[in-house]
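Trainee: Provided below are the primary sequence and the corresponding predicted coordinates.
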Amino acid sequence: MRMAQDFSMRLPLIDGQGNFGSMDGDPAAAMRYTEARMAKVSTTLLADIEKDTVNFADNYDGSESEPVVLPARFPNLLVNGAAGIAVGMATNIPPHNLGEVIDATLALIDNPAATNADLQDYVKGPDFPTGGIILGRSGVVSALETGRGSIVIRSRTHYEEIRGREAIIITETPFQVNKSAMIEKIAEAVKTKRIEGIADLRDESDRDGVRVVIELKRDAVGDVVLNQLYRFTPVQTHFGINILALNHGRPEQLSLKDVLSSFITFREEVITRRTKFELGKARDRAHLAVGLVVAVSNIDEVVSIIRGAPSPAVARQTLLEREWDAGDILPYLDLIGEPPMPGSKGAVYRLTEIQVKAILDLRLHRLTALGRDEIGKELEELAEKIRGFLEILRSRARLYEVLRGEILDVRENFATPRRTEISMLEASGVNEEDLIAREDMVVTVTHGGYIKRVALDSYREQRRGGKGRSGMATREEDVLTTVFVANTHQPVLFFSNYGQVYKLKVWRLPLGTPQSRGKALVNLFPLAEGEVITNLMALPEDEDSWGELNVMFATRTGNVRRNLLSDFTNVPSNGKIAIRFDEGSDDRLVGVRVAHEDDDVLLAAQSGKCIRFPVRDVRVFKGRTATGVRGMRLAAGDQVMAISILNGQDATVEERDAYLKVAPWKNADVTGSSLSQERIDQMVEREQFILTITENGYGKRTSSYEYRTTGRGGQGIVNIVTSERNGAVVGSGPVSESDQLMLLTNAGKIIRIGVQDIRIAGRNTQGVTLFRVDQEEQVVSVAKVPEPDEGEEELDAEDTAAMDGDSASSASGSSEGEGEEAQATPQSLEDDAGDTDPDA
């Protein structure tokens, strides 16, 4: 049955009619329902078997004789492979491409000193009847050079769009994989949630070939699902190669060259035995032809002897004893191995019993002139054949010429293109992340615990003062609380209200659209009852730099704590403790930032105050369970809203005051300044601008030189005036001129504006209008994003962090987003009443 299965044999040897089984493991029909005949290629395995080319032996009961081996004209052991197990040994030889194997055989005939490496220029590796893709060359090279190796075979797949959803289509499966069992394994993996993102699975295979359709969910990443299929199902398998075969009755581990050398030696023997057999047959026939030539050359005498003999026996004896002139047959006698005898008048020849019998059986019509010519022509043809046979037996070059011709004929008639692709990508070098393209994503989280990532390109820039667009569809009881931008390959730490930390790469977050709701965080992490994610922090992609960084924690009550980032490098899937709060305390984590030893920390409070102190003022905590030390002393009812990391202060008070009078953004005259132009340039290079946003949509930028450094634990200084017009602070942090802002309201609206449009003002000011909010609507979250043309640049952790803290608590109400995008209205700075700077 197997020899008729085109999915089992690279070159089927039987042409079957009827049901001979399938790739799904279906059994073949009963023999009364099937018919079979040898495939055309099988004739090359049996060719010349009747010419004593191989030895025969009795079968198990001695009733019949069977060939010990077939006189194959191509290395079937490699082409169709073999598998078997015996006592203490086993073999598993994969099939190979007929054309490649023959090319390698010819190369070895031409150059017997060729190495296995040389032969691999022709034999690329196994070629399975079911196709597929072999990952890497290492296993193939090992198998071809040593006879042992292991290869990884992967199904051939591509993507299609079906009913608006992405689908993975499998068109080729690994060798010896049961297709139905593979589909069952996929379904089982989906059921046990080892694979997520599959919406539908069906088999559409028919007579035209394999087609397994795997439809994906709309938020699934195709490459990730495909890699999970490779890891957890037979969509990708391993194939162990063990080229163990009997060579002259002894089991041997064979390399590619060993197999081909043995085949060449075997074919030499087959051709030699066949040639000897054919030479014997030709000589026997030539022997008769010589007798007939003697008879027709002396026809009158032969007839006279026969007519004068009293009986056939006497005639036969007379012909045997008679010495005939060997002149006409002398050139042929050496060819048939019968030298003439010397006579008184030259060489003579005596007929044999067989020749005499042939003469006596000769029909009269053969005695005509035409008949005599035919006998002479036959003898000449036989002589030519004999000369050819003798040349093959005497010349190794001629023998190899015959061998080459025969296997070239096989290649011409039966070689087919390679089906299995060999990829240069090694299996060990592939993981899920390698399949994910680097892309900037906007990650949003709602107060209700829904998260999603959306490509940054999905949001277009608007002018300051615009009404925004619908950022997502929220329920009445849900509001947006957090937004940040991160690269798909960046790890993100998720901090919960219970002080736990979890870790995921951005690409593992659910993919959505600007209007989609996202996926519940409770479905991503094993959260305890009442536990919710309150803070997120994107880390640098380069883990080698983590040892130089610190992690600064800030809580709602003004406490801060400093840890090494390496404390959070390894976070198990079920999370671990990041910070512990006193039992019964309403304190919460408002922000976590990465910092260097020489940086400063800026805490911004809801009341509009802030405090700046050096990172080194906070000692490094070795544990993760402490709540930290006091960072800012807060008034009753006040709370910290944001934590930022600034460049360390390197200017004196006098230099800061002098610089603020002639700063480039003021377009002031530097003549008469106590600062040199060189010093001004140095301060410009280190200057940062602190952006502060209030809940009613107002904001401003302020130079970092206006924020003096103090010791931690103080009450701080004014950051922004939190008047009735402005409302409380919802976000604060450093920005650059090229940044853009993304502001979100409790109604689910988003606006994206450029930082360059926001006025630079002093600390003790109210700011300008950034977002015109409706009545009962408030800004609840702020984040900065890179401009679109810089989306390909890698973002560091500080660039991608949200500027607000635990802003969910600042949302006084919410309404469902209307899904409308209002026209942005440009507005001059002079229209923003109350923008005064008492410090100016």
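Mentor: Arrived safely, thanks for sending.

Trainee: Name whatever forms a beta bridge with Thr157.
Mentor: Ile170 (DSSP bridges).

Trainee: Roughly how far does it sit from Ser205?
Mentor: 14 Å (Cβ to Cβ, to the nearest Å). Any C-beta I mention is one placed from the backbone N, CA and C, and that applies to glycine too.

Trainee: again, but for Asn523
Mentor: Counting by Cβ to Cβ - Asn523 and Ser205 are separated by 34 Å.

Trainee: With neighbour numbers in mind, choose between those two.
Mentor: Higher neighbour count among Asn523 and Ser205: Ser205, with 20 against 12, using other Cβ atoms under 10 Å.

Trainee: Let me see the contact set for that one.
Mentor: Counting by Cβ atoms under 8 Å, 6 or more residues apart in numbering, Ser205 makes contact with Met23, Lys179, Arg211, Val212.

Trainee: Which residue in those has the weakest pLDDT?
Mentor: Lowest pLDDT among these: Met23, with 91.

Trainee: That one touches Asp6, doesn't it?
Mentor: No. Counting by Cβ atoms under 8 Å, Met23 stays clear of Asp6, with 9.9 Å between them.

Trainee: So for the two, which residue has more residues nearby?
Mentor: Met23 (19 against 13).

Trainee: Need phi/psi at the more buried one.
Mentor: The phi and psi torsions at Met23 (degrees, to the nearest 10) take the values phi -70, psi -10.

Trainee: How about it: what's its closest non-neighbour residue?
Mentor: Counting by Cβ to Cβ, 6 or more residues apart in numbering, Met23 lies nearest to Lys179, which is 4.5 Å off, once chain neighbours are set aside.

Trainee: Could you do Val560 as well?
Mentor: Closest to Val560 by Cβ to Cβ, 6+ apart is Gly631, at 3.5 Å.

Trainee: Contact partners for the residue nearest to Val773 when sequence neighbours are not counted?
Mentor: Nearest residue to Val773 in three dimensions, chain neighbours excluded: Gly697, at 4.7 Å (Cβ to Cβ, 6+ apart). By Cβ under 8 Å, 6+ apart, the residues touching Gly697 are Leu743, Thr769, Leu770, Phe771, Arg772, Val773, Val779.

Trainee: Let me see the contact set for the third one.
Mentor: Going back to what we said before, that points to Leu770. Arg464, Gly465, Ile693, Gly697, Tyr698, Gly699, Leu741, Leu743, Ile751, Ile753, Ile758.

Trainee: Flag the shaky bits of the chain, pLDDT-wise.
Mentor: 340-346, 365-367, 369-370, 427-432, 434-435, 447, 459-481, 784-840 (pLDDT under 70).

Trainee: And it, what are its domain boundaries?
Mentor: 156-234, 270-413, 436-647+688-821 (automatic domain parsing).

Trainee: circling back: of the contacts of Gly697, which is the nearest to Asn559?
Mentor: Closest approach to Asn559 among the contacts of Gly697 (Cβ to Cβ): Val779, at 25.9 Å.

Trainee: if I look at that closest one, how far off is Glu421?
Mentor: Distance from Val779 to Glu421, by Cβ to Cβ: 55 Å.

Trainee: The two - which one has more neighbours?
Mentor: Val779 (28 against 16).

Trainee: right, and the more buried one touches Leu741 too?
Mentor: No. Counting by Cβ under 8 Å, Val779 stays clear of Leu741, with 10.6 Å between them.

Trainee: shared neighbours, those two?
Mentor: With Cβ under 8 Å, 6+ apart as the test, Val779 and Leu741 both reach Ile693.

Trainee: Do me a favour and get the backbone dihedrals for Met537.
Mentor: The phi/psi pair for Met537 (degrees, to the nearest 10) is phi -140, psi 120.

Trainee: Surely it touches Leu589?
Mentor: No. Contact between Met537 and Leu589 fails when scored by Cβ under 8 Å: they sit 10.3 Å apart.

Trainee: Common neighbours of those two, please.
Mentor: Going by Cβ under 8 Å, 6+ apart, residues that sit against Met537 and also against Leu589 are Phe495.

Trainee: What count of nearby residues applies to the nearest residue in space to Thr694 that is not next to it in sequence?
Mentor: Of all residues not flanking Thr694 in the chain, Asn726 sits nearest, at 4.1 Å (Cβ to Cβ, 6+ apart). When neighbours are defined as other Cβ under 10 Å, Asn726 has 23 of them.

Trainee: same deal with Glu323?
Mentor: Neighbours of Glu323 (other Cβ under 10 Å): 14.

Trainee: Now it. Its backbone dihedrals?
Mentor: According to degrees, to the nearest 10, Glu323 has phi -90, psi 120.

Trainee: For it, which non-adjacent residue is closest in space?
Mentor: Val348 (4.2 Å).

Trainee: Need the three-state assignment for the one you found.
Mentor: Following DSSP: H, G, I helix; E, B strand; the rest coil, Val348 is assigned to strand.

Trainee: Identify the bridge partners of it.
Mentor: Asp325, Met341.

Trainee: distance of it from Val483?
Mentor: 117 Å.

Trainee: cool, Gln176 as well?
Mentor: Counting by Cβ to Cβ, the gap from Gln176 to Val483 is 51 Å.

Trainee: Same drill for these two, tell me which one is more crowded.
Mentor: More crowded of Gln176 and Val483, by other Cβ under 10 Å: Val483, with 25 against 18.

Trainee: Just give the number of residues close to the residue lying closest to Val670 once chain neighbours are set aside.
Mentor: Leaving aside its sequence neighbours, Val670 sits nearest to Val662 (Cβ to Cβ, 6+ apart; 4.6 Å). Using other Cβ under 10 Å, the number of residues around Val662 comes to 18.

Trainee: Surely Val662 touches Ala668?
Mentor: Yes. Val662 is in contact with Ala668 according to Cβ under 8 Å; the separation is 4.8 Å.

Trainee: picking up where we left off before, look at the residue nearest to Glu323 and say how many residues are nearby.
Mentor: 16.

Trainee: do the same with Pro572
Mentor: By other Cβ under 10 Å, 8 other residues sit near Pro572.

Trainee: That one and Gln766, how far apart?
Mentor: 47 Å.

Trainee: Ok, Ser142 next?
Mentor: 74 Å.

Trainee: the more surrounded of those two?
Mentor: Gln766 (22 against 15).

Trainee: Helix or strand for the more buried one, just tell me which one.
Mentor: Using DSSP states H and E, Gln766 sits in no helix or strand.

Trainee: Now do the phi/psi pair for it.
Mentor: phi -100, psi -20.

Trainee: Can you verify my assumption that it contacts Val718?
Mentor: No. Gln766 is not in contact with Val718 according to Cβ under 8 Å; the separation is 11.1 Å.

Trainee: could I get the domains of the chain as JSON lines with distance to Leu108?
Mentor: Listed next are these as JSON lines, based on distance: least, Cβ to Cβ, whole Å:
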{"stretch": "domain 156-234", "distance to Leu108": "26"}
{"stretch": "domain 270-413", "distance to Leu108": "11"}
{"stretch": "domain 436-647+688-821", "distance to Leu108": "46"}
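
Trainee: Please name the bridge partners of Val483.
Mentor: Here Val483, judged by DSSP bridges, has bridge partners Thr444.

Trainee: residue contacts, it?
Mentor: Contacts of Val483 (Cβ under 8 Å, 6+ apart): Val442, Val443, Thr444, Val445, Met742, Leu744, Ile750, Ser781, Ala783, Ala802.

Trainee: Stretch 491-510: how far from the chain's middle?
Mentor: Mean C-alpha position of stretch 491-510 versus that of the full chain (Cα atoms, centre = their mean, to the nearest Å) differs by 27 Å.

Trainee: again, but for stretch 288-299
Mentor: 78 Å.

Trainee: Okay, buried residues for that stretch please.
Mentor: Neighbour-count burial for stretch 288-299, counted by 16 or more other Cβ atoms under 10 Å, picks out Leu288, Ala289, Val290, Gly291, Leu292, Val293, Val294, Ala295, Val296, Ser297, Asn298.

Trainee: So for the second one, what's the nearest residue that isn't a sequence neighbour?
Mentor: In other words, Ala289. Leu379 is the one closest to Ala289 (Cβ to Cβ, 6+ apart), at 4.1 Å.
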